[in-house]
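>>> Pasting a predicted model and its sequence here:
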Amino acid sequence: MDAQKVRSEYKLLYDLNSRIHDANGDGIPDTWVFNEFGPIAIRYFRDRNRNRKLDAGESRMGEMIHTTPENEAQTVQGQPVELDTSHGCIHIKPSDRDLLLRLRAFAKGSLLVVHGPSELVPEFLSAVE
């Protein structure tokens, strides 16, 4: 990506006068903010023998749990986060990702249960924050 394209993409994500990720104000972020999967993407696998280890015959799923550059920018700027449709991954808000990381929900060996969109969140989880 050339410098002009970087400036243009950065301007789309962040306010023109923002110094977020751009300390010198040249329009080029000091850290790369364009990763499609946000700064962290979580891969997981179907644990067929339920031993919480990736064994022979088991493989990581193709989809991931991740944020997007747009959601990261919305969060940093204090704007409401608008989750967009995904190509198959699980999109989450950056604040939810940070909470789950603090709770060690993505630690190796953790059990992950994905519920459908019409399922209610268990009451004990809705109080966590």
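Sure, I can see it. Numbering: from 1, shown residues only.

>>> Now the longest strand seen in the chain - C-alpha only, PDB.
Looking across the chain with DSSP state E, the single longest strand is strand 60-66. Listed next in PDB are the C-alpha coordinates belonging to strand 60-66 (Å, rounded to 0.1, in the frame of the first residue of the first chain):
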ATOM      1  CA  ARG A  60      -8.400 -25.500  13.600                       C
ATOM      2  CA  MET A  61     -11.600 -24.100  12.200                       C
ATOM      3  CA  GLY A  62     -11.400 -21.800   9.100                       C
ATOM      4  CA  GLU A  63     -13.300 -19.000  10.800                       C
ATOM      5  CA  MET A  64     -12.000 -16.900  13.700                       C
ATOM      6  CA  ILE A  65     -13.400 -14.700  16.400                       C
ATOM      7  CA  HIS A  66     -12.200 -11.100  15.700                       C
END
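
>>> Now it: average pLDDT?
For strand 60-66, mean pLDDT rounds to 92.

>>> ok, Pro39 to Cys89 distance?
When distance is defined by Cβ to Cβ, to the nearest Å, Pro39 is 15 Å away from Cys89. The way it works is simple: take the backbone N, C-alpha and C, and place the C-beta from them, glycine included.

>>> neighbour-wise, which of the two wins?
Taking other Cβ atoms under 10 Å, Pro39 and Cys89 do not tie; Cys89 has more neighbours (17 against 14).

>>> rewinding a little: and the longest strand of the chain, what does it pack onto?
In terms of contacts (3 or more Cβ pairs under 8 Å, 6 or more residues apart in numbering; DSSP states H and E), strand 60-66 is packed against strand 41-45, strand 90-91.

>>> roughly how far out does the next helix-or-strand element following that strand sit from the chain middle?
Next in sequence after strand 60-66, counting helices and strands by DSSP states H and E, comes helix 69-76. On the basis of Cα atoms, centre = their mean, to the nearest Å, helix 69-76 sits 10 Å off its chain's mean C-alpha point.
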